[in-house]
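>>> need a structure here:
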Amino acid sequence: MSLSTVKFGVIGCGLMGREFASVSMRWLHLNIQLPRPVIIAACDLSDGNLEWFKKVSDTKYFYHDYQELLANAEIEAVYCAVPHHLHAKVYSDIICSGKHLIGEKPFGMDLKAYEEIEAASIENPEVFVRCASEFPFYPAVQQMVRWYREGLFGRIIEAHFSIKHSSDMDVNKPINWKRTLSANGEYGCMGDLGIHTQHLPFHLGIYPEAVSSFLVNIIKERPDREGNLVPCETFDNAILTCRGRNSSNDLFPLIFEMKRMAPGCTNSVEYEIYGLNMSARFSTDDPNAISYTQSVGLEQAWSRLVIGQKPLFPVITGSIFEFGFSDSLLQMFAAFISELKHLPCEFGCFTMEEAKRSHQLLTAALLSHENHCTIELSDIS
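Below is the predicted model:
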């Protein structure tokens, strides 16, 4: 590979593909020497999406068939964002082509699909594979990471991790593939949103051992593009109440919430860890700050600490300025490149092993919902 660039192809040139293109063009925002992802190829079924990618000055190859992209020997790595039912086939083909991969969640429509991707990865150990998840790269979240790794929380009492949208509160919103079993799978909102809640705790060694779930499909029908009502088949909201354990062997309630129908929320990500010595909570509704409390005898008081623009990978922006979603994507791709190139990286992207644990959790959640009982994750193979 080039020391100064990593040549990428993008498969799936919609919303997140465009976000990656933006990241690649603003790499000089990083105040660190790190190989730049150069998008030389784009692949999508939509001519409109490919036309947009002609704005990206590095992009010179345009494909409708991703196999043609994979046959391009210039391409070293692929960013892939396609519907969930395509993950097993497309991700496996990318890995088997020898190209490194950062793919969108959930890394397979279900556990069986994940195992197909895992098998391809095992057969091609030289290929570096990671899953996209950007929210833990907010500087305030990284402050929580540092506190946790330093042991400042003490014994963990409870932990909550959630992501909440409200776009589906509009009952007349036309149906899309995420509301169909054929393209999204049975996970529903858990597949699309779950890894956003799991990246931080899994990276900290906080894992669920058993789960009791409450899953709900609130809106049973939605209009299609012609206005005809069609079945809305997937779960809108999910609450997973788990028996959690960390690397210190603390046992505690561990709660995951994934909601597409959460009144008043646009894209609210919330991380909360409560400990005997310290507690902390973060919300994208207050993205520049972290709230925390330390125990002083019988009393605790919440304080708000403003972190600002102090990310994992240094940037040219002054530390007094705000940090946002596009900044978190820049940090995530910087982490991917750093890990790929074996450079220092204090907090990496979501791994294949973590994706497997995620699928075990979501599979157990489906069984819990179906059987109205608590499911041990050790029973999921």
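>>> Can you tell me the closest non-neighbouring residue to the most centrally placed residue in the chain?
Closest residue to the average C-alpha location of the chain: Ser133 at 2.7 Å, with C-alpha atoms, centre = their mean. Nearest residue to Ser133 in three dimensions, chain neighbours excluded: His199, at 4.2 Å (C-beta to C-beta, 6 or more residues apart in numbering). Glycine gets a C-beta too; all of them are placed from N, C-alpha and C.
>>> doesn't the one you found fall inside a strand?
No. His199 is assigned helix when assessed by DSSP: H, G, I helix; E, B strand; the rest coil, not a strand.
>>> C-terminal to the strand or helix carrying Gln67, what's the next element?
Secondary structure from DSSP states H and E places Gln67 in helix 66-70. As assigned by DSSP H and E, the chain's next helix or strand after helix 66-70 is strand 77-80.
>>> so what's the residue nearest to Asp58 when sequence neighbours are not counted up against?
Closest residue to Asp58 apart from its sequence neighbours, by C-beta to C-beta, 6+ apart: Val38 at 4.7 Å. Each residue near Val38 by C-beta atoms under 8 Å, 6 or more residues apart in numbering is listed here: 5-8, 24, 58.
>>> What's the PyMOL line that selects buried ones from those residues?
Selecting only the buried entries of the contacts of Val38 in PyMOL, with 16 or more other C-beta atoms under 10 Å as the criterion:
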select buried, resi 5+6+7+8+24+58
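>>> Identify the farthest-apart pair in the contacts of Val38.
In the contacts of Val38, two members sit farther apart than any others by C-beta to C-beta. They are Val6 and Asp58, at 11.5 Å.
>>> Go through the helix holding Gln67 and flag the buried ones.
66, 69-70.
>>> got those residues as a markdown table, with pLDDT and distance to Lys356 columns?
Shown next, in a markdown table, are the buried residues of helix 66-70 (pLDDT from 0 to 100; distance: C-beta to C-beta, whole Å):
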| residue | pLDDT | distance to Lys356 |
| --- | --- | --- |
| Tyr66 | 98 | 24 |
| Leu69 | 98 | 27 |
| Leu70 | 98 | 24 |
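>>> between the residues you listed, which is closest to Tyr187?
Distance to Tyr187, by C-beta to C-beta, is smallest for Tyr66 among the buried residues of helix 66-70, at 23.7 Å.
>>> What does the pLDDT read for Val296?
For Val296, the pLDDT comes out at 79.
>>> Can you report how many residues lie near it?
By other C-beta atoms under 10 Å, 8 other residues sit near Val296.
>>> do His64 as well
His64 has 12 nearby residues by other C-beta under 10 Å.
>>> which residue sits closest to it in space, ignoring its chain neighbours?
According to C-beta to C-beta, 6+ apart, the nearest residue to His64 is Leu45 (6.0 Å).
>>> Would you agree the one you found falls within a strand?
No. Leu45 sits outside any strand when classified using three-state DSSP, being coil.
>>> Now do the contacts for the residue nearest to Ser133.
Per C-beta under 8 Å, 6+ apart, neighbours of His199: 133, 135-136, 350, 354.
>>> From Ile163, how far off is it?
According to C-beta to C-beta, to the nearest Å, His199 stands 11 Å off from Ile163.
>>> picking up where we left off before, for the helix holding Gln67, which outside residues touch it?
So helix 66-70 is contacted by 9, 11, 41, 43, 61, 63, 75, 78, 90, 93-94, 97, 99 (C-beta under 8 Å, 6+ apart).
>>> Let's see which of these end up in helices.
Applying DSSP state H to the contacts of helix 66-70, the entries found in helices are 90, 93-94.
>>> before we move on, the earlier item: out of the contacts of Val38, who's nearest Val296?
Closest to Val296, out of all of the contacts of Val38 and judged by C-beta to C-beta, is Ser24, at 47.9 Å.
>>> A helix includes the closest one, no?
Yes. Checked against three-state DSSP, Ser24 lies within a helix.
>>> separation between it and Gly9?
12 Å.
>>> same thing with Phe333?
15 Å.
>>> show me where pLDDT drops low in the stretch 101-250 of the chain?
Applying pLDDT under 70 to the stretch 101-250 of the chain flags no residue at all.
>>> Strands along that one, start to end?
129-131, 156-164, 207-216, 221-223, 229-231, 237-245 (DSSP state E, counting those that start in this stretch).
>>> Tell me the secondary structure of Val82, please.
Quick answer, by three-state DSSP: Val82 is coil.
>>> gap between it and Ser378?
32 Å.
>>> So for those two, which residue has more residues nearby?
Val82 (21 against 10).
>>> Pull the contacting residues for the more buried one.
Neighbours of Val82 in contact, by C-beta under 8 Å, 6+ apart: 11-12, 90, 104.
>>> quick one, phi/psi of it?
phi -130, psi 160 (degrees, to the nearest 10).
>>> Tell me how far it lies from Cys43.
10 Å.
>>> what sits in contact with each of the two?
With C-beta under 8 Å, 6+ apart, Val82 and Cys43 have common neighbours 11-12.
>>> how about stretch 335-354: buried residues?
Residues 335-340, 345, 347-352, 354 are the ones in stretch 335-354 that count as buried (16+ other C-beta under 10 Å).
>>> what's the answer for stretch 146-155, then?
Neighbour-count burial for stretch 146-155 [16+ other C-beta under 10 Å]: 147-148, 153.
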